[in-house]
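Engineer: the following comprises the amino acid sequence and a computationally predicted model.
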Amino acid sequence: MEGKVRVSSVQMHVVDNDLEANMKKAEEMAMRIHDREKDVDLILYHECCLEGGIPLDSIDEDMTRRVMEFWSNLAKKCGSHILAGRLERKPEGLYNKATVFNPQGEVIADYAKIHLFNSERDTILPGDQLSVFTINGMRIGIMICADFGFPELARKYATSGKVDVLAVSSSWAYPDDDLWDICNRARSAENACYVVSVDRVGPTCRGNVKVGRSMVCDPNGFIIANLVEKEDIYFVTDLFKSEVDDRRKEMKWLEWIRPDVYAAM
């Protein structure tokens, strides 16, 4: 339906350093959605979803190809777009990506994480491009985890990319759970757009605990779906372009920005 996107975030338990187990769980969740829900346009999976806990130096181009084939085939099997958090080995190094596959299994958007967090800065190559795709007339911009803490990127999507939705694939951890909630609500409210996020949940082999709380915030910044800290669960929520348009007419944040003043400061 034009002007409407039915979206789902999958909050799943990950078995560290077990690609096969994570592929099996990701497929089970996608098919559960396919069998139980109607007309889901987009399913989100969290950052590095299948590759969690795998030593980075063992992620090679063969594994990259295998992961790409898995997500492509899954999109075809479940008949929905899939936004998948993944790692990609290229000759020049390793990238942290979120890639969108259409129901035919084709890549329609590919985003490399721009803002790297802590030790990622020593092991991952940063991206430098926005990535926007369209479903049913709604424009959707991609962000990954630490990107969320940079309002400049979200604002660039809202102004240059003209997005209606920010889709955020993440692996956000405690003790910054309050900041996770704030970023979801602030990025939606300040840009008068939906934010749909998906986060890993539970403890990891590296000793930290992921927040979960995959959620949807509406263009007012109100939380309208939240998976809290539950494992192997999903939501399905409808997003409407008319709600974005109405909010932007009512609250003109994007019209009132002053880049000329900021540049002169």
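Structural biologist: Arrived safely, thanks for sending.

Engineer: relative to R36, how far out is the nearest residue to R248 once chain neighbours are set aside?
Structural biologist: Residue nearest to R248 in three dimensions, not counting chain neighbours: A192, with 4.6 Å by CB to CB, 6 or more residues apart in numbering. Where C-beta positions appear, they are placed from N, C-alpha and C, glycine not excepted. Plainly put, A192 is 32 Å away from R36 if you go by CB to CB, to the nearest Å.

Engineer: which one's more surrounded, those two?
Structural biologist: More neighbours surround A192 than the other of A192 and R36, with 24 against 10 (other CB atoms under 10 Å).

Engineer: which residues touch that one?
Structural biologist: 158, 219-220, 244, 247-248, 251, 253-254 (CB atoms under 8 Å, 6 or more residues apart in numbering).

Engineer: now, of these, which are buried?
Structural biologist: Using 16 or more other CB atoms under 10 Å as the burial test, these include 158, 219, 244, 247-248 as buried.

Engineer: so of the residues you listed, which ones are in helices?
Structural biologist: 158, 244, 247-248 (DSSP state H).

Engineer: what's the farthest-apart pair in those?
Structural biologist: A158 and R247 (11.7 Å; CB to CB).

Engineer: what residues are up against the closest residue to P219 other than its chain neighbours?
Structural biologist: With sequence-adjacent residues excluded and distances taken as CB to CB, 6+ apart, P219 is closest to R247, at 3.8 Å. Counting by CB under 8 Å, 6+ apart, R247 touches 192, 219-220.

Engineer: any idea how far R36 is from R247?
Structural biologist: From R247 across to R36, the span is 31 Å (CB to CB).

Engineer: turn the contacts of R247 into CSV, including distance to G52.
Structural biologist: CSV is the format used below for these (distance: CB to CB, whole Å):
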residue, distance to G52
A192, 34
P219, 32
N220, 33
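
Engineer: format those residues as CSV; extra columns: pLDDT.
Structural biologist: Below are the contacts of R247 laid out as CSV (pLDDT from 0 to 100):
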residue, pLDDT
A192, 98
P219, 98
N220, 98
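
Engineer: now, which of those sits nearest E51?
Structural biologist: Among these, P219 lies closest to E51 (CB to CB), at 33.2 Å.
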